[in-house]
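Engineer: Predicted model follows, preceded by the sequence.
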Amino acid sequence: MTQPINKSVRFPFTGLWKGMWFTLKYLFKPVPTVMYPQVQEIPVPRARGVIALDPEACTVCMLCARECPDWCIYIEGHKEGQPPAKPGGRARTKNELDLFEIDYSLCMYCGICVEVCPFDALFWSPEYEYSSHEVADLIHGKTRLKDWLKTVPEPPALEPQE
Amino acid sequence: MITGWFWVDVIIKVVLVLAVMIVLALVAIYAELKVMAHMQNRIGPYYAGGRWGWAQPFADALKFIQKEDLVPAGADSVIFKSAPYVVVSATVATFVVIPFSPSLVARNLDLGVYFLLAISSLTTLGVLMAGWSSANKYSLMGGLRAGAQLIAYELPLVLTVVAVVVQAGTMSLVGIVEAQAAPIEIGGLSISLPFLLKGQIVGFLIFVVAAVAELSRIPFDMPIAESELTMGYLTEYSSLRFTMFFLGEYAAMISMSAIAATLFLGGYWMPFVPDSALTFVGPMILIAKIAILVFFMLWIRSTWPRLREDQLQDLAWRWLIPISLANILVIAFFKVVVF
């Protein structure tokens, strides 16, 4: 296999001067940098900032913890006896969530946990200002993850059905 | 003579030359930070100094001064320590003969051009000293590459300057500027032009290429190619000694631009500026010309990729040197036959 050779003759150094023209143009273009601490960019609607948890919806099924590629989700729970649904029936059990932690120093924001949750307990929130001086502070517990729930935007309206 | 006492004059001149060099180098560093940033679609320094980050070069210098002055255990410490002084003093010495106006020149040597070329070769010595004494393989390779490169590009540089000297008929830099200011007769019109427009275009291009290579700046920065040699001969340097190399590099940029401006662009002289005004306007004209050339160097730095080592040698030996030799022949022919 031989590649056809481009034999069109060009003026020497054309590429070099093209590059020079390009950088010169950029010298006079406005810079798109957003001066962050003074000016804050509004995140795009489905930005992946932080993961919020609704503890009421969680059933300790462990799917998120198992699917997490970074193993950054820690869950502990226990079973609790519940009264039977009908009088005279069998006593039920319910999974109570004791500990739910996401270690954001490990998280890679893939969103698999949000995708995999069968009970809609995990949500993406666009908040991103939770950096810290201590690595340990990046482990967000149940209450902190619940606080993020307030920042979760409303889901977009459904498309009209025919 | 300024005051009449020789030593007082010497001290004043030394302080003036040093101050001009350091101020211009700091301005060049700041210009590089800002110009390159905008060419790469970023802002560059922003906070230092309150506005536009104008104090960034000073902040950098202060940071470097605070660092520990390390000397590697296996290094030849005397040579290692003196190398930056050799480089910086050689660079400063070039400012001695550069005329900023007909009278504002530290020393108007009759052999000014010769002095310049001799002194600027000293930089090579300093770089080789730094590379050899560091006891580091990257430094050694960087130093040797620098040696090979500086020797290769010294030749076209000298040869183009020879053509200028032939055309001007003098080696004094003031004389060369005056030769450019002298009017020539073209078809009954009496006009004066810089050498660039008197048939030295090829010479000027070769000079600029060779000068950028002499300064080992991108695209000719093989001696300090980060991806291959860490930082070349600068690898082991830190603190004030690194600052001296750094400042020396930018000062050399300024001095090379000043030489190019003096030899080819008319130096402190400009058409339509009366000779009586040159004493005051001259320095500004020269600095403006330097600024244009320095901007060009920053521009190609942020645009072009680095040459490979063999391409670098190829360009010097196979193209620039033969062309500059032919350039001398043509210039000498016109000098003898036409003018």
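Structural biologist: In hand now; what should we look at?
Engineer: quick one: contacts for the nearest residue to B:Ile290 once chain neighbours are set aside?
Structural biologist: Among residues not flanking B:Ile290 along the chain, B:Ser257 sits closest, at 4.4 Å (C-beta to C-beta, 6 or more residues apart in numbering or on different chains). Placement of C-beta: from N, CA and C, glycine included. B:Ser257 makes contacts with B:211, B:289-290, B:293-294, B:297, as judged by C-beta atoms under 8 Å, 6 or more residues apart in numbering or on different chains.
Engineer: Surely B:Ser257 forms part of a helix?
Structural biologist: Yes - membership of B:Ser257 in a helix is supported by DSSP: H, G, I helix; E, B strand; the rest coil.
Engineer: how far away is it from B:Tyr250?
Structural biologist: Using C-beta to C-beta, to the nearest Å, B:Ser257 is found at 11 Å from B:Tyr250.
Engineer: show me where chain A has strands.
Structural biologist: Counting by DSSP state E, the segments of chain A that form strands are A:50-53, A:73-82, A:92-103, A:122-125, A:139-140.
Engineer: May I see the buried residues of the helix or strand containing B:Met141?
Structural biologist: For B:Met141, the host element (DSSP states H and E) is helix B:137-168. Using 16 or more other C-beta atoms under 10 Å in any protein chain shown as the test for burial, helix B:137-168 gives B:138-150, B:152-168.
Engineer: Report the rounded mean pLDDT for that helix.
Structural biologist: For helix B:137-168, the mean per-residue pLDDT is 87.
Engineer: who does the helix or strand just after that helix touch, helix- and strand-wise?
Structural biologist: Next along the chain after helix B:137-168, taking DSSP H and E as the criterion, comes helix B:173-181. The contact analysis (3 or more C-beta pairs under 8 Å, 6 or more residues apart in numbering or on different chains; DSSP states H and E) places helix B:173-181 against helix B:112-133, helix B:137-168, helix B:239-264.
Engineer: how about the ones you listed in a markdown table, adding distance to B:Phe80?
Structural biologist: Below are the helices and strands packed on helix B:173-181 laid out as a markdown table (distance: least, C-beta to C-beta, whole Å):
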| stretch | distance to B:Phe80 |
| --- | --- |
| helix B:112-133 | 4 |
| helix B:137-168 | 10 |
| helix B:239-264 | 8 |
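Engineer: Figure out which of these is closest to A:Thr23.
Structural biologist: A:Thr23 lies closest, by C-beta to C-beta, to one member of these: helix B:239-264, at 18.3 Å.
Engineer: Give me the distance from that closest one to the chain's centre.
Structural biologist: In terms of C-alpha atoms, centre = their mean, to the nearest Å, the gap separating the centre of helix B:239-264 from the centre of its chain is 5 Å.
Engineer: Would you mark the buried spots in it?
Structural biologist: For helix B:239-264, a neighbour-count test (16+ other C-beta under 10 Å) marks B:240-264 as buried.
Engineer: Same check on stretch B:120-128?
Structural biologist: Applying 16+ other C-beta under 10 Å to stretch B:120-128 flags B:120-124, B:126-128 as buried.
Engineer: Next, name the residue at the spatial heart of the chain.
Structural biologist: Using chain A. Closest residue to the average C-alpha location of chain A: A:Arg48 at 3.5 Å, with C-alpha atoms, centre = their mean.
Engineer: wait, I meant chain B there
Structural biologist: Central residue of chain B (C-alpha atoms, centre = their mean): B:Met256, at 2.1 Å.
Engineer: Share the number of residues neighbouring the residue nearest to it when sequence neighbours are not counted, please.
Structural biologist: Nearest residue to B:Met256, sequence neighbours excluded (C-beta to C-beta, 6+ apart): B:Ala211, at 4.5 Å. Applying other C-beta atoms under 10 Å in any protein chain shown, we find 25 residues neighbouring B:Ala211.
Engineer: before we move on, back to that, verify the contact between the residue nearest to the centre of chain A and A:Tyr109 for me.
Structural biologist: Yes - shown here, A:Arg48 and A:Tyr109 form a contact pair, counting by C-beta atoms under 8 Å, at 4.9 Å.
Engineer: which stretch of helix or strand covers the residue nearest to B:Val92 when sequence neighbours are not counted?
Structural biologist: Computed as C-beta to C-beta, 6+ apart, the closest residue to B:Val92 that is not its neighbour in sequence is B:Met21, at 5.7 Å. Using DSSP H and E, B:Met21 sits in helix B:6-39.
Engineer: Show me what the helix or strand just after that helix is packed against.
Structural biologist: Sequence-wise, the next helix or strand downstream of helix B:6-39 (DSSP H and E) is helix B:56-66. Identification of packing neighbours for helix B:56-66 by 3+ C-beta pairs under 8 Å, 6+ apart yields helix B:6-39, helix B:239-264.
Engineer: Could I get the buried residue list for the helix or strand just after helix B:56-66?
Structural biologist: Downstream of helix B:56-66, the next assigned helix or strand under DSSP H and E is helix B:77-94. Residues of helix B:77-94 classed as buried by neighbour count (16+ other C-beta under 10 Å): B:79-80, B:82-84, B:86-94.
Engineer: Turn those residues into TSV, including distance to B:Val273 and pLDDT.
Structural biologist: TSV is the format used below for the buried residues of helix B:77-94 (distance: C-beta to C-beta, whole Å; pLDDT from 0 to 100):
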residue	distance to B:Val273	pLDDT
B:Ile79	48	89
B:Phe80	48	88
B:Ser82	44	88
B:Ala83	42	88
B:Pro84	39	89
B:Val86	38	89
B:Val87	36	88
B:Val88	34	87
B:Ser89	34	87
B:Ala90	32	87
B:Thr91	29	86
B:Val92	29	83
B:Ala93	29	84
B:Thr94	25	85
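Engineer: right, and out of the residues you listed, which lies closest to B:Gln66?
Structural biologist: Ranked by distance to B:Gln66 (C-beta to C-beta), the buried residues of helix B:77-94 are led by B:Pro84 at 17.4 Å.
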